[in-house]
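> Compute the structure for the input listed below.
(2 chains)
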Amino acid sequence: MQLTLGTFEVRDVVLGETNRLREGCLEVNARELRERLLEDSLFADVTLVVARLGERKRILRVLDVIEPRIKVEGPGCAFPGFLGSDELVGSGVTYRLNGVVVMTTGAMETSNIPGAEGGLRLSREQIIDMTGPLAKYSPFSRTVNLVLLFQPKQSLAVETYDHAVRMAGLRAAHYLATIARGSAPDRQETFELKPVDPELPKVVYIYQIQSDGVVRHSFLYAQDRYRMNPTFLHPNELFDGALVNGVFGAQRIPTALHTNNPVVLQLYRRHGIDLNFLGVVLTEGSNVSSGSKSRNAYYTARLAKAVGAEGAVLTQEAGGNMIMDQMLMCRYCEQMGIKTVVITYEMGGPQGDDVPLIYTVPEAVAMVSTGNREEPVVLPEMDELIGAETILFTNTSARGGAEVTLLEIGFSTDQTGSWYTRAMAC
Amino acid sequence: MAEPFRVVQYLNQFFGGLGGEERAGAPPLVKEGPVGPGKLLQALLGDRASIVATIICGDNYFSEHLERVAAELVQEIKRWSPRLVVAGPAFGAGRYGICCGELCKQVEAALGIPTVTGMFEENPGVDMYRKRIHVVATGANASTMREALDTMSQLGVKLALGQPVGPPTAEGYFARSVRRNFTDSRSAAERAVEILVARLSGRPFQTEIPVQVFERVLAPVSLADLAAERVAVVTTGGLVPAGNPDRLEVGQATRWGRYSVEGLDRLSPEAFNSIHRGYDTKHVNADPHRLIPLDALREAERDMMIGQLWPYFYTTSGQGTFVNHARRMGCEIADELKGAGVRGVLLVST
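Next comes the predicted model:
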């Protein structure tokens, strides 16, 4: 499977009258895009707002972040199953826009969405500051963000709204990406897992995602991964958007990081140099009985072993519960002779003096920290609030002064390891 | 130019100039200004700080009544109103290191004044005190006095002035038990793949999060005759009276609630619901017995399977709740139940 990714560098986005990409500036026909999104009559209204690095803007209630991608050659389409055929992707030529993302925002909560019954089925606050001391915590304060604000129709069930928001985000991303079609990308890179020196150690990426029903699910070729067994992917499939985020109710891996997964990119970069990247074991973490947790972990390790892995990097998505699945996968890998490195955030309490992880196994001898997500931060004063005036599920003003934790700051302790936050003993 | 802040230093009999081992029984003595190595420390501090007093005590005198002597010295230190207390450095001297550690620990706890000390890694005082106070890593003996004082003075100034302190590797002290966030120059993914390649080629690597050793809680001996016992229900499933009148936290809980079921045979969905954010609460909210089986427990009472259901249930939300708080809340609830003669608890969640 050989995929050429053509990248267009976008440094600004302007809501205008036409669709044009010129010298890094993406002009978007805002009226037409809005009309397209409203074709889905599930929304009463959709508003488009642009937020750029350095602007005194705060984006609240972020749901998903999607990097625009479009396939220009080869089978299938980007975000297969959602925007077109669900046939296998990962070969041919795909264009991506670097520097701009679509951000869907809103809240799944009982007051506006009947059926958001509580607990797991509520969305979670994710805040992104475009400037100020908290901007350094988010990879998406550096991108130009096309923010979509939705007003749902009153009669919607949560499953319907959840799906509508996801489709709207993908459609908007597709709309932006098509603007680049017909132009020449600024740079190209070809991705292929070429055969390498057989002496190089064989490595897999164990990609644990959450899929636990509405507001908490993930999709492979638009198929809900609820209660699915582990499977093996070629990393190029991820570059074409085969894996789409639907986790709004917890700390999540947005679609933009599924298509730009940093572990995948690191392993690809070193393929043939000091390792042999075999591929990606996709697995679910939200198994709800101790039996299914250990069985799924065992299946995951066994699949890694069966493809020949000698080493594995493990990440996880969402809650503390999922750390247990990750640790069990680590244990079984090590017991099968696969050396592991576990990437995870920490939950050491606001003072950093509580136990950092709710569960570890003695086999987890190599762990990498993405930071203590419970460390408190104070929201600085911000001129413009996009998406809401208060912090979700509180009456607290989001304009400034409120204390939140890094869990609420979008993607600051990103579980795929894309970011630089790290906790250390002091 | 800010006023120099006040510093008090602690030294043992040797560095304080009283003598060697033969003076190890010397009681505490206070001198104004810097003494011995304190003069070098003062030079390093420059005009940022002023060593106003030096407390000198024999290693045996102090270590033989460690806590009491430290408490007395804390009172003496209080009279000098310092913004920083420096103890030692003790290098490899064990008794001296333990005295420095105890003194710093008590000064911080009683007076809230920052402290800094210095020890060689093999000094027993390191393991005993490193988790609570800043122990700078020094050489094995006084031939490294200048480097030790240099590191201690720089760290001490930051602590005294409330300036941000970097990680242990940058500031030269032994890692404590508090973990704080920093920004690394490489992403976590980069670091992870680097470590994996090191592991696979048999090269050394550094893990970033220690494996936890959780305390083993031994199960008590089971109750011989439940029919003679008072049994209570405790839940981490977050069930509260409708409206959450005590505003219990939906997660990261630090408080628990106690609610009466006296005279109730059933929990009605209008009267109770779950605030927990870690599971789909729809089913519990439709029928709270799925979390707290009051109906079944009343039957058990009537059928004399249990002696009596304690008229209160205890509740909190276990979602993301810190281990330290969970332990404390468990102890508080247990104390109350023990006092009430309850010897059996049904601990329920989902």
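
> How about the stretch 201-350 of chain A: which residue is closest to chain B?
Closest residue of the stretch 201-350 of chain A to chain B, C-beta to the nearest C-beta: residue A:262 (3.6 Å). (C-beta placed from N, C-alpha, C; glycine too.)

> ok, that residue - contacts?
A:416-418, B:187-190 (C-beta atoms under 8 Å, 6 or more residues apart in numbering or on different chains).

> which residue packs closest to it, ignoring adjacent ones?
residue B:189 (3.6 Å; C-beta to C-beta, 6 or more residues apart in numbering or on different chains).

> mean confidence score for the helix or strand encompassing the one you found?
Secondary structure assigned from DSSP states H and E places residue B:189 in helix B:188-200. Average pLDDT, helix B:188-200: 98.

> and what of stretch A:277-288?
For stretch A:277-288, the per-residue pLDDT values average out at 93.

> so, in contact with chain B or not, it?
No. Contact between stretch A:277-288 and chain B is absent, the nearest approach being 8.7 Å (criterion: C-beta under 8 Å from any C-beta of the partner chain).

> In PDB, could you pull the C-alpha coordinates for the longest helix anywhere in chain A?
Using DSSP state H, we find that the single longest helix of chain A is helix A:158-180. Taking only C-alpha atoms (Å, rounded to 0.1, in the frame of the first residue of the first chain), the coordinates of helix A:158-180 have been written out as PDB:
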ATOM      1  CA  VAL A 158     -29.200  12.300  21.500                       C
ATOM      2  CA  GLU A 159     -28.200   9.600  19.100                       C
ATOM      3  CA  THR A 160     -29.500  11.700  16.200                       C
ATOM      4  CA  TYR A 161     -27.700  14.900  17.300                       C
ATOM      5  CA  ASP A 162     -24.500  13.000  18.000                       C
ATOM      6  CA  HIS A 163     -24.500  11.700  14.400                       C
ATOM      7  CA  ALA A 164     -25.600  15.000  12.900                       C
ATOM      8  CA  VAL A 165     -22.700  16.900  14.500                       C
ATOM      9  CA  ARG A 166     -20.200  14.300  13.400                       C
ATOM     10  CA  MET A 167     -21.500  14.400   9.800                       C
ATOM     11  CA  ALA A 168     -21.500  18.200   9.700                       C
ATOM     12  CA  GLY A 169     -17.900  18.400  10.900                       C
ATOM     13  CA  LEU A 170     -16.800  15.900   8.300                       C
ATOM     14  CA  ARG A 171     -18.700  17.600   5.500                       C
ATOM     15  CA  ALA A 172     -17.200  21.000   6.400                       C
ATOM     16  CA  ALA A 173     -13.700  19.500   6.400                       C
ATOM     17  CA  HIS A 174     -14.500  17.900   3.000                       C
ATOM     18  CA  TYR A 175     -15.800  21.300   1.700                       C
ATOM     19  CA  LEU A 176     -12.500  23.000   2.700                       C
ATOM     20  CA  ALA A 177     -10.300  20.300   1.300                       C
ATOM     21  CA  THR A 178     -12.000  20.400  -2.100                       C
ATOM     22  CA  ILE A 179     -10.900  24.000  -2.400                       C
ATOM     23  CA  ALA A 180      -7.400  22.700  -2.800                       C
END
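
> residues of it that come out buried?
For helix A:158-180, burial by neighbour count (16 or more other C-beta atoms under 10 Å in any protein chain shown) applies to A:158, A:160-177, A:179-180.

> quick one: low-confidence parts of chain B?
Residue ranges of chain B with pLDDT under 70: B:1.

> Would you map the strands across it?
With DSSP state E as the criterion, chain B has strands at B:5-12, B:29-32, B:49-57, B:84-91, B:115-120, B:134-138, B:179-183, B:230-235, B:239-241, B:257-260, B:272-274, B:308-315, B:344-348.

> what do you get for the stretch 51-200 of chain A?
All strands of the stretch 51-200 of chain A, identified by DSSP state E, counting those that start in this stretch, fall at A:57-59, A:62-66, A:69-73, A:92-98, A:100-105, A:128-129, A:144-152, A:187-191.

> Which pLDDT value belongs to residue A:228?
92.

> for residue A:112, same thing?
Note on residue A:112: pLDDT of 62.

> Over to residue A:116?
57.

> quick revisit: nearest to chain B among the strands of the stretch 51-200 of chain A would be which one?
Judging the strands of the stretch 51-200 of chain A by C-beta to the nearest C-beta, what sits closest to chain B is strand A:128-129, at 15.5 Å.

> packing partners for the closest one?
For strand A:128-129, the packing partners by 3 or more C-beta pairs under 8 Å, 6 or more residues apart in numbering or on different chains; DSSP states H and E come out as strand A:57-59.

> Tell me the spacing between residue A:34 and residue A:389.
Separation of residue A:34 from residue A:389 (C-beta to C-beta, to the nearest Å): 23 Å.

> who's more crowded, these two?
residue A:34 (17 against 11; other C-beta atoms under 10 Å in any protein chain shown).
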